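Trainee: Next one to model:
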Amino acid sequence: MSVDDFATDAGGPVDFEIDSDGNINYVSIYSGEIRKIVYVGGNRAPIAAIEATPTSGLAPLAVSFTGSGSSDPDNDLLSFLWDFGDGGTSTQMDPVYTYTAEGDYTVTLTVSDESGASDSSTERVVVGNQAPTASIINPPDGSFYRVGQTIPLVGEANDPEDGIIPEDGYVWTIIQHHNIHSHILQTLSGSHSSFVAPDHALDPEIYIEARLIVTDSVGLTDTKSINLHLAELSSVAPYHVNTALGATPTLNAPLTVTTTIGNTGTADPILVDIELFDGSGAQVAQSFYDSEIIIGGELRDFTLNFTPTAEGTYRVAVGLIFEHWQGLYEWTNNALTFTVGSGWSPAPPNGALQFDGIDDYIETNVWNIEEGLGFTLEARSAPESFNGDTFFLSKAASSEEEDIDWGFGFREATETEGTLLFLLSIDGALTELTGGSVASGEFAHASAVYDNANMYIYKNGIEVARIAKSGSISTRPNKVWIGNMPQNVLSGAYHGLLDEVRVWNEPQSPEEILAYQRELAQKEFGLIKDWRFNEGFGQYAVDSSNSGHHGVLGVTESPDSNDPVFVSGMYGSGGVFAPAYVSAVTTPNPSSPGTEVETVVTVENTGSGAGFMIVNVEMYD
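Mentor: Have a look, this model is predicted:
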């Protein structure tokens, strides 16, 4: 007998174990790994693996078999021999065999290598009986749990032959999965059962699998499983999505505050507390919801009804609390602030632009919103009349549906009343959202938001419409238009005042939108277009953002009476905006050179207040 060295690069072995296959398993102190040494002496037998679909059903039953999962450690070519249990055989790797007679068959696959070594594997096929169907009712797949929480299990099953599966036909296996291994926690029985969630380190790779196997009277089975995740991870806690008003707050008029709460991923009850405070900090109203259940993937609305009897500023707070007051998920102290008083939206006192509703527009060059970040469209408008679908901001090649990337404007209800309209092409299909009534002459701040999950419309800082929508937005090389849409032959052009048009390459939050509605914010991050119309005269609308995409009024490079007209905004009494615009400009043609002519500029105020205004009239050759 001779002794030879082997595994000379083992890397500092410090402990050995011999497994059932005769292999040496050891710990390497250098690498901190468990390694295996396998003795290879001559030919090694292959490993047979059999799969069959279906394994039960009524006769005649065609079953697809495959031995493609079989392998040989020496990489020898394999031969296959199938015994289908009723006298039928095959030498194919993936045969299809049809059973014509009822029975309980054992199928055997034998694989052999080139040296004659072989291995066999079996599969049961039952003809004349159908397998049961299992389903897990609770908890939902993807739900979340807390350490120490009792998790109820509810399963259902039925069988074509047996009908209802008896309680001893249900077996639950609770498995904890780690990032590198898994182990069984418990085995339970019955259609209804429960287990206590174990304690473990917070790790996103750790989850619990609840696996249900149901068995019928002849031993046929069906398996279903769901996965549960730790609720302590911040991404799975219930969360406050939004709080909004159902209407413009008006003195002595009923008002509804709606709070939207997002899914926790668990069916556990939570407490929802909505509180309303006046300007002094005193609580004036409260709505409390006890043991509310928000199932997976759901958004739920909770409301507080209140009739303001005094003018002033009000604040809404929202709390999300564990059942039985065991702890606090989230407390939003300033979920919404609103003012009861004037219904006018404040606006800057500088310039605005008047569109005639016929052929006025501003054309900018080609640019795109970056995909995946979301965006916000913002403008202040005072429409004078409504005609079909009119757009004060759009990106399109034409008004045909397939040519529109996005548009923001109004949909006509009557000639003197309309609704805000937001169009957006997502994954090549145009989605429309409407909400927020606007009357002729009403000066309103409007925002349209897409956050890659929802489309929103805000009026005067308050959410008035939302629709769940996700996907890719269009990045076609189309121009952006202000006051109209190109080739808009089906609807009228925008008619009225327009001011403070902005585009953001990010979804503005409700708080940010409210701040801009009140002119309290001057945030530059994410701002990619900013037209303020403060020029007073000329042929260009200056983009005040860093992009410098200045718009051209109309189609000419010289003043044109058919172009939008710059006007001065003004503040009326009480600091509210009283929209003023040029309603007519008349200049008779001179009969000969040297003849004096008179230009008459008619300025009309559609607001409720009176104030100081500067009118500047200039003439160019």
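Trainee: got a pLDDT number for residue 111?
Mentor: Per-residue pLDDT puts residue 111 at 98.
Trainee: mind listing what it touches?
Mentor: If a contact means CB atoms under 8 Å, 6 or more residues apart in numbering, then residue 111 has 46, 47, 48, 67, 70, 78, 79, 80, 81, 118, 119, 120 as its contacts. In this view, the C-beta of every residue, glycine as well, is placed from N, C-alpha and C.
Trainee: Could you give me the buried positions within stretch 188-203?
Mentor: 188, 191, 193, 195, 197 (16 or more other CB atoms under 10 Å).
Trainee: Dump that stretch to CSV, restricted to CA.
Mentor: In CSV, the C-alpha atoms belonging to stretch 188-203 read as follows (Å, rounded to 0.1, in the frame of the first residue of the first chain):
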residue,chain,number,x,y,z
LEU,A,188,-49.6,22.0,10.8
SER,A,189,-52.9,20.3,9.8
GLY,A,190,-56.4,21.3,9.0
SER,A,191,-58.0,23.8,6.7
HIS,A,192,-57.8,26.5,9.5
SER,A,193,-54.6,26.8,11.5
SER,A,194,-52.2,29.5,12.8
PHE,A,195,-48.6,30.0,13.8
VAL,A,196,-46.6,32.7,15.6
ALA,A,197,-44.1,34.6,13.5
PRO,A,198,-40.5,34.0,14.7
ASP,A,199,-38.0,36.6,15.7
HIS,A,200,-35.1,37.1,13.3
ALA,A,201,-32.7,39.8,12.1
LEU,A,202,-34.1,42.5,9.8
ASP,A,203,-33.0,41.4,6.4
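Trainee: How about residues contacting it?
Mentor: Under CB under 8 Å, 6+ apart, the answer for stretch 188-203 is 145-157, 165, 167-168, 170-174, 176, 178-179, 185-186, 206, 208, 228, 230, 232-233.
Trainee: change it to 7 Å
Mentor: 145-156, 167-168, 170-172, 174, 176, 179, 185-186, 206, 208, 230, 232-233 (CB atoms under 7 Å, 6 or more residues apart in numbering).
Trainee: Strands - which of those residues land there?
Mentor: Among these, the members falling in strands (DSSP state E) are 145, 150-156, 170-172, 174, 176, 185-186, 208, 230.
Trainee: Restricted to buried residues, select the residues you listed in PyMOL.
Mentor: Of the ones in strands among the contacts of stretch 188-203, the buried ones go into a single PyMOL selection, burial set by 16+ other CB under 10 Å:
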select buried, resi 145+151+153+155+156+170+171+172+174+176+185+208+230
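Trainee: what does the domain assignment say about the chain?
Mentor: 51-127, 133-234, 242-340, 351-568 (automatic domain parsing).
Trainee: winner for burial among these?
Mentor: domain 351-568 (a mean of 19; mean count of other CB atoms under 10 Å).
Trainee: ok, the contacts of residue 111 vs residue 133, which is closest?
Mentor: The closest of those to residue 133 turns out to be residue 67 (CB to CB; 28.1 Å).
Trainee: could you list every residue that touches that closest one?
Mentor: Per CB under 7 Å, 6+ apart, neighbours of residue 67: 48, 49, 50, 80, 93, 109, 111.
Trainee: same check, this time on residue 273
Mentor: Taking CB under 7 Å, 6+ apart, one finds 288, 319, 321 in contact with residue 273.
Trainee: could the residues you listed go into TSV alongside pLDDT?
Mentor: Shown next, in TSV, are those (pLDDT from 0 to 100):
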residue	pLDDT
288	88
319	83
321	76
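Trainee: and residue 565, how far is that from residue 77?
Mentor: 86 Å (CB to CB, to the nearest Å).
Trainee: any low-confidence regions in the stretch 151-300 of the chain?
Mentor: The model of the stretch 151-300 of the chain has pLDDT under 70 over residues 179-180, 200-204, 231-241, 263-268, 295-297.
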